[in-house]
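*Asks:* Whatever this is, show me its structure:
(chains A and B)
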Amino acid sequence: MDESGRPIFLQLAEQLENQIISDQFKEESQVPSINELATFHRINPATALKAINQLVDDATLYKKRGIGMFVNAGAKQALITKHSQKFRAEFVEPLIIEARKLGITSQEIIQMLGKESF
Amino acid sequence: MTKVIEVNNLTKSYRGATAVDSVSLAIEENGIYGLLGRNGAGKTTLMKLVAGHELASTGEISVYGASPVENSAVLANMAFIRESLRYSENYKIGHVLKAAKIAFANWDDAFAQSLVDKFQIPRKRLVRKLSRGQLSAVGVVVGLAARAPITILDEPYIGMDAVARKHFYDILLADYIKHPRTIVLSTHLIDEVADLLEHVFVIDQGRIILDANTEDLRGSAAVIEGSTESVDDAVAGFVILESQTIGTQKRVVAQGLKAEDAARLQSAGLAVKPATLQQLIISQTNMDSSEKVEVA
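*Replies:* Numbers count the residues shown, from 1 in each chain, chains lettered A, B, ... in the order given. Next comes the predicted model:
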């Protein structure tokens, strides 16, 4: 996990969410087990469990008893909505802060964005 | 969860010097606990007391509900690997493993042999002729292959290089996943092991100054940097753990910031980052031993 000092379970939950959004884990497919996640990320299994539990509480994942954890139908669209809501706070606001510091105007930013194709 | 170790108001003094000072803590079954602190903080003394190797001056220790001192029923469930263990003069690693096999009920000999290979411990050399790192590896092999329900490892990596330490952390985690048990690991290399720990105790000058779930601790403090004036304005009302100034620039470690506080400070042009576990613990330790800097 990254060195930022943020709780690891949040980082792991976010990473799994992003993997669902980018179709690395498709709906109704199985995600790695707690132990696999703990081993891969070199974290305490209790931390991996906490991340998985959060995703179960959010209805992103569901548990098939004795088999493992699976991505819920509809999870991808729900996550896209959720992440879109955070887009402004996480990406636009830091952009504005940096632009203000450098004296870059909103028109200039719009011009820059106009040159990008996405 | 079942408490396997309970310590109540424990004090240990040696001729007036207090090594462990009114410590109370509880350790539950199946978890990796970190006992963190600087050299001389009291880590080893506390572990020796829990393992029944020392007698308390005052206070109580209970392991599986009983005192560990001279208690074979308790000690059969415990592996305590000290930073410097001594072995008989003419012992080679094979002798150490044979002795350990007798001592520990859950001993896994095949696992022990594989660890000897993994850490490249020379089998033909006398244990007393091994390097410091190899000797530490012997302790790690015994401590892990014992598979004891309570495993206490006191700075088990002394003299190991970074590669061997990484092996150790990986093996510890993998084996813990396969065979969950209660592991207490004392260390001052906080960053290296932080992710493995479920719960941390920080000991400073014999006292427990922090007793917390590791994940609750993460994100509970932030490093804030900016111009002195704006930082001072911004952090008024928060607990400041550490503060440094260079020219007109100031950096503080502040506790108790919420997400909305962080966002507010950022839009005021300050750099705000969550403090790492190591930063948090170092600043708490500094605060408690104000101005005293000892070189260990």
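
*Asks:* pLDDT score for the nearest residue to residue B:214 once chain neighbours are set aside?
*Replies:* Leaving out its chain neighbours, the residue that sits closest to residue B:214 by C-beta to C-beta, 6 or more residues apart in numbering or on different chains is residue B:197, at 5.0 Å. C-beta coordinates here come from the backbone N, C-alpha and C atoms, glycine included. The per-residue pLDDT reported for residue B:197 equals 95.

*Asks:* Same question for residue B:97.
*Replies:* Looking at residue B:97, the pLDDT reads 95.

*Asks:* and it, how many neighbours?
*Replies:* 21 (other C-beta atoms under 10 Å in any protein chain shown).

*Asks:* And the residue of the stretch 1-150 of chain B that's closest to chain A?
*Replies:* Of all residues in the stretch 1-150 of chain B, residue B:32 sits closest to chain A, at 5.8 Å by C-beta to the nearest C-beta.

*Asks:* Let me see the contact set for that residue.
*Replies:* A:44, B:172, B:176, B:183, B:185, B:196, B:197, B:198, B:199 (C-beta atoms under 8 Å, 6 or more residues apart in numbering or on different chains).

*Asks:* Would you confirm that the second one belongs to a helix?
*Replies:* Yes. Per DSSP: H, G, I helix; E, B strand; the rest coil, residue B:172 lies within a helix segment.

*Asks:* okay, now it: neighbour count?
*Replies:* Residue B:172 - counted by other C-beta under 10 Å - has 21 other residues nearby.

*Asks:* For residue A:26, see how far away it is.
*Replies:* 34 Å (C-beta to C-beta, to the nearest Å).

*Asks:* same deal with the third one?
*Replies:* From residue B:176 over to residue A:26 the distance is 32 Å, taken as C-beta to C-beta.

*Asks:* Which helix or strand in chain A has the lowest average pLDDT?
*Replies:* helix A:93-102 (a mean of 88; mean pLDDT, DSSP states H and E).

*Asks:* ok, the helix or strand that comes right after that one near chain B or not?
*Replies:* Where DSSP states H and E defines the elements, the next helix or strand beyond helix A:93-102 is helix A:106-115. No. Using C-beta under 8 Å from any C-beta of the partner chain, helix A:106-115 never reaches chain B; the gap is at least 15.6 Å.

*Asks:* can you pull the buried residues of helix A:106-115?
*Replies:* For helix A:106-115, the neighbour count (16 or more other C-beta atoms under 10 Å in any protein chain shown) marks no residue as buried.

*Asks:* Equivalent analysis for stretch B:91-98, please.
*Replies:* Applying a neighbour-count criterion of 16+ other C-beta under 10 Å, one finds B:91, B:92, B:93, B:96, B:97 buried in stretch B:91-98.

*Asks:* could you list every residue that touches the residue in the stretch 151-296 of chain B that chain A sits nearest to?
*Replies:* Of all residues in the stretch 151-296 of chain B, residue B:274 sits closest to chain A, at 3.7 Å by C-beta to the nearest C-beta. Residues near residue B:274 by C-beta under 8 Å, 6+ apart: A:4, A:5, A:6, B:218, B:219, B:221, B:222, B:223.

*Asks:* Return a selection command, for use in ChimeraX, containing the buried ones of those.
*Replies:* The ChimeraX selection below is limited to those of these classed as buried (16+ other C-beta under 10 Å):
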select /A:5,6 /B:218,219,221,222,223
